[in-house]
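Engineer: Sharing a model prediction with you, sequence too.
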Amino acid sequence: MKRIYLDTNLWNSLCDESVAASELLAALYSKHCSLVLSYQVVFELAKCFRGQHKGAPERGAALFAYVREFVHHDIPCVTEILEVLSEEMRALKSGRTVNPFLPPVGYSALKSNVDLLADGKFDERAAAFVKERTALALRTRAGPIAQLGLRPDVKQRLEEISDAEVGKWLNSETFTDRGAGLLAGHVRRQFGEASPEEASEWALGLLASPICRLSRALVRADLYYNWRCAKRGSNPSDLFDDMYHVLNAVYCDVYATRERRHAQYAGMLLAADTRVAIHERGTPVRDWILSVV
């Protein structure tokens, strides 16, 4: 089964074009394909309830009523990124394949949350979820600015890497001690009880394993984010959220978006197994999705 991850803008377009979920999914299944959802999409759609324009809550409810049709057809949903990292660690230890998608219990919770939002019930839990994700993006954006300010030598080294060279640099730097150190930081964020030595050992094992796609993509994403910050002085406020979409697609066959600027970096973060597809405005989204498979 081929899996197609849709960026949030394409879910908006599907809703606006009133594409029937059952018909689209049937057409995809006939091609042995499926759409894939993520909590990053849920987060970005949920932000509609907090929009400043008139009718924002109604728009949010309409979007979730539309997504609910797909969720009740049980399309796969990626589990949270650090949970996928945990899954890769378990797979590395046991020798089994990586399952990056929500298990039945987690999917039941997703259905309940989507049902509530589709009914217009943006409650305290939903507000806390949006607030937490928004704060994470702000912290992530501020981090490299502060760190590079303290390390002018690192900033200079990154500035010397040209746009043409950055892809090659990402591939090589991922497997250095610096790359392993970045991944060890993610391991410790997920498992606070892990010692620095244990986290480093896990990081080296994950990066050495060809089955652990997310681990390598996480390091490449961190490296790219830091490089871009050094070259431009800061990063756009939405870059973290956009890159988070890309990371969610790491176990999919296609990452689909209508944002052309994502093509600048998505292919460098994803493994060769995942193709980046950019939707051309003016083309019906349903027809385009079926064409990319």
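Structural biologist: Received, thanks.
Engineer: what's the closest non-adjacent residue to residue 82?
Structural biologist: residue 190 (4.5 Å; C-beta to C-beta, 6 or more residues apart in numbering). Placement of C-beta: from N, CA and C, glycine included.
Engineer: what's the answer for residue 62, then?
Structural biologist: Nearest one to residue 62, counting by C-beta to C-beta, 6+ apart, is residue 15 at 6.8 Å.
Engineer: hang on, the earlier thing: how far away is the residue nearest to residue 82 from residue 90?
Structural biologist: 12 Å (C-beta to C-beta, to the nearest Å).
Engineer: Name the residue in those two with the higher neighbour count.
Structural biologist: Higher neighbour count among residue 190 and residue 90: residue 190, with 17 against 11, using other C-beta atoms under 10 Å.
Engineer: Need the pLDDT of that one.
Structural biologist: At residue 190, the model reports a pLDDT of 92.
Engineer: what are the phi and psi values for it?
Structural biologist: Dihedral pair for residue 190: phi -80, psi -30, per degrees, to the nearest 10.
Engineer: So it is in contact with residue 88, correct?
Structural biologist: No: here residue 190 lies out of contact with residue 88, judged by C-beta atoms under 8 Å, at a distance of 10.7 Å.
Engineer: Please verify my assumption that residue 10 contacts residue 279.
Structural biologist: Yes: between residue 10 and residue 279 there is a contact at 6.4 Å, judged by C-beta under 8 Å.
Engineer: Which neighbours do the two have in common?
Structural biologist: With contacts taken as C-beta atoms under 8 Å, 6 or more residues apart in numbering, the residues that reach both residue 10 and residue 279 are 256, 257, 258, 285.
Engineer: And these, which of them are buried?
Structural biologist: Buried subset of the shared contacts of residue 10 and residue 279 (neighbour count, 16 or more other C-beta atoms under 10 Å): 256, 257, 258, 285.
Engineer: Inside helices: which ones of those residues?
Structural biologist: Mapping these onto helices (DSSP state H) picks out residue 285.
Engineer: For the buried ones among the shared contacts of residue 10 and residue 279, work out which two are farthest apart.
Structural biologist: 257 and 285 (11.5 Å; C-beta to C-beta).
Engineer: can you list residues touching both of the two?
Structural biologist: Shared contacts of residue 257 and residue 285, defined by C-beta under 8 Å, 6+ apart, are found at 10, 279.
Engineer: and whatever helix or strand residue 277 lives in, what other elements does it pack with?
Structural biologist: For residue 277, the host element (DSSP states H and E) is strand 275-278. Applying 3 or more C-beta pairs under 8 Å, 6 or more residues apart in numbering; DSSP states H and E, one finds that strand 275-278 contacts strand 254-257.
Engineer: Let me see the mean pLDDT of the strand it packs on.
Structural biologist: Here the average pLDDT along strand 254-257 is 97.
Engineer: Return the list of helices and strands in contact with that strand.
Structural biologist: Counting contacts by 3+ C-beta pairs under 8 Å, 6+ apart, strand 254-257 packs against strand 2-6, helix 8-16, helix 239-248, strand 275-278, helix 285-292.
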